[in-house]
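Undergrad: Quick check, what structure comes out for this input:
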Amino acid sequence: MAEARCPASCGELIQGWILGGEKLISCPINWFSTVSVTEGMPGHHERPRMRQMLTAVLAYFELPVDMARGLHISFDSSIPVAKGLASSTADIAATALATARHLGETLDEAALAALCVSLEPTDSTLFRQLTLFDHQTAATQISYGWQPTVDILLLESPHILNTEDYHRRDRQTALLAGAASLERAWQLFVQAAKQQDCSLLGQATTLSAQASQHLLVKPDFAALLALVEELDLYGLNVAHSGSIVGLLINRQRHDVEKLYWQLEQSGITQNYPRQHLLAMVPGGVR
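TA: Below is the predicted model:
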């Protein structure tokens with residue numbers, strides 16, 4: 001049996017019109033999709049695109065694609081689907097590496113990225129380092145050598161959104177309108193990485209989240225911004241093509257219990273009834 005696992009993403013640290021097109025930097029967290037590939041008949045409980053990826057990896061290594069009929073895929077995932085948590089990227093990236101390992105082969109990050117975007121828009125969680133990524137073509141891959149020590153209180157909405165449907169929308173006018181904000185957010189992110197400054201990181205993510213409101217509205221956004229200010233949190237980030245919001249904190253520095261209480265008292269939990277205290281982790285398929 002060969003196995004691999006890939007982390008989820010709490011939305012994006014930033015996403016929007018950067019360097020002449022839409023790009024993103026994902027926010028890997030400690031939820032994972034774990035995929036194993038073994039000899040055997042295909043099962044009935046695979047997730048979408050897993051089988052497509054297995055076949056694509058066979059083709060990449062110039063092996064007969066009908067070998068797929070003798071390979072079994074199984075998986076275990078803690079990632080909610082259709083919320084903007086990169087569940088599909090985690091599934092297909094882990095499937096790709098598990099398949100390669102089963103074949104006795106390896107895939108570097110560039111090859112893995114190319115395989116993933118050939119199937120669907122892909123999050124940059126497949127890279128070990130935080131990476132500015134063209135999630136539709138893989139043409140841009142700019143990595144940053146900083147792993148922030150950040151916790152995230154992830155606010156989960158019950159609403160779901162199909163990412164492919166979102167990407168089919170005509171969003172270019174709104175993306176271009178937010179280009180100046182995203183340029184500033186990216187500059188702040190680069191500065192944060194250089195100085196290893198989580199407060200600057202929070203400024204960058206909050207600016208990107210504000211620009212995203214023109215594309216996909218998050219309920220109680222103004223109240224969440226006020227809470228960030230009142231409790232001196234690092235900032236907030238959002239799923240730019242999903243329904244979740246993340247509050248960027250340090251559980252050693254910020255009063256998490258007070259934060260929970262404030263969310264309840266302000267009524268924000270009505271729109272985000274489930275909250276999860278998670279950690280930002282390095283990306284990359286393990």
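Undergrad: And the helices in the protein?
TA: Using DSSP state H, the helices of the chain run over residues 50-60, 87-102, 109-117, 163-168, 172-177, 179-195, 198-212, 221-230, 256-265.
Undergrad: looking at those, which is buried most?
TA: The highest mean neighbour count among the helices of the chain, using mean count of other CB atoms under 10 Å, belongs to helix 87-102: a mean of 26. No exception for glycine: its C-beta is placed from N, CA and C like everyone else's.
Undergrad: That one packs against which elements?
TA: strand 2-18, strand 21-39, helix 50-60, strand 71-77, helix 109-117 (3 or more CB pairs under 8 Å, 6 or more residues apart in numbering; DSSP states H and E).
Undergrad: would you list these in CSV and tack on mean pLDDT and distance to P273?
TA: Output for these, formatted as CSV (pLDDT from 0 to 100; distance: least, CB to CB, whole Å):
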stretch, mean pLDDT, distance to P273
strand 2-18, 98, 17
strand 21-39, 98, 18
helix 50-60, 98, 30
strand 71-77, 98, 21
helix 109-117, 98, 32
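Undergrad: Nearest to S199, out of the ones you listed?
TA: Ranking those by proximity to S199 (CB to CB) places strand 2-18 first, at 13.9 Å.
Undergrad: and that closest one, what other elements does it pack with?
TA: So strand 2-18, by 3+ CB pairs under 8 Å, 6+ apart, packs with strand 21-39, helix 87-102, helix 172-177, helix 179-195, helix 198-212, strand 235-238, strand 245-249.
Undergrad: re the thing from before, got the helices of the chain as TSV, with distance to S157 columns?
TA: Shown next, in TSV, are those (distance: least, CB to CB, whole Å):
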stretch	distance to S157
helix 50-60	26
helix 87-102	15
helix 109-117	26
helix 163-168	15
helix 172-177	21
helix 179-195	23
helix 198-212	14
helix 221-230	12
helix 256-265	13
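Undergrad: Compare those helices and give me the one nearest Y144.
TA: Nearest of these (CB to CB): helix 179-195, 4.2 Å.
Undergrad: In JSON lines: the helices and strands packed on helix 87-102, plus distance to D232.
TA: Formatted as JSON lines, these follow (distance: least, CB to CB, whole Å):
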{"stretch": "strand 2-18", "distance to D232": "20"}
{"stretch": "strand 21-39", "distance to D232": "20"}
{"stretch": "helix 50-60", "distance to D232": "43"}
{"stretch": "strand 71-77", "distance to D232": "35"}
{"stretch": "helix 109-117", "distance to D232": "36"}
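Undergrad: Contacts only, for S118.
TA: By CB atoms under 8 Å, 6 or more residues apart in numbering, the contact list for S118 reads A56.
Undergrad: cutoff 6 Å now
TA: Contacts for S118 (CB atoms under 6 Å, 6 or more residues apart in numbering) come out as none.
Undergrad: same thing with the one 5 residues further on?
TA: When contacts are counted by CB under 6 Å, 6+ apart, D123 is found next to S9, S26, A86, T89.
Undergrad: same question, I142
TA: L132.
Undergrad: ranking the contacts of D123 by neighbours, who comes first?
TA: With neighbours defined as other CB atoms under 10 Å, the most crowded of the contacts of D123 is A86; it has 33 neighbours.
Undergrad: What pLDDT is listed against that one?
TA: A86 carries a pLDDT value of 98.
Undergrad: hang on, it packs against A8?
TA: Yes - taking contacts as CB atoms under 6 Å, A86 lies within contact range of A8: 5.4 Å.
Undergrad: what stretches of the stretch 101-250 of the chain score poorly on pLDDT?
TA: 163-168 (pLDDT under 70).
Undergrad: Now for the residue nearest to P158 when sequence neighbours are not counted, how many residues are close by?
TA: Distances taken as CB to CB, 6 or more residues apart in numbering put P273 closest to P158, at 6.7 Å, once the chain neighbours are dropped. Other residues lying near P273 total 11 when counted by other CB under 10 Å.
Undergrad: Which one of the contacts of D123 is nearest to K194?
TA: S26 (19.6 Å).
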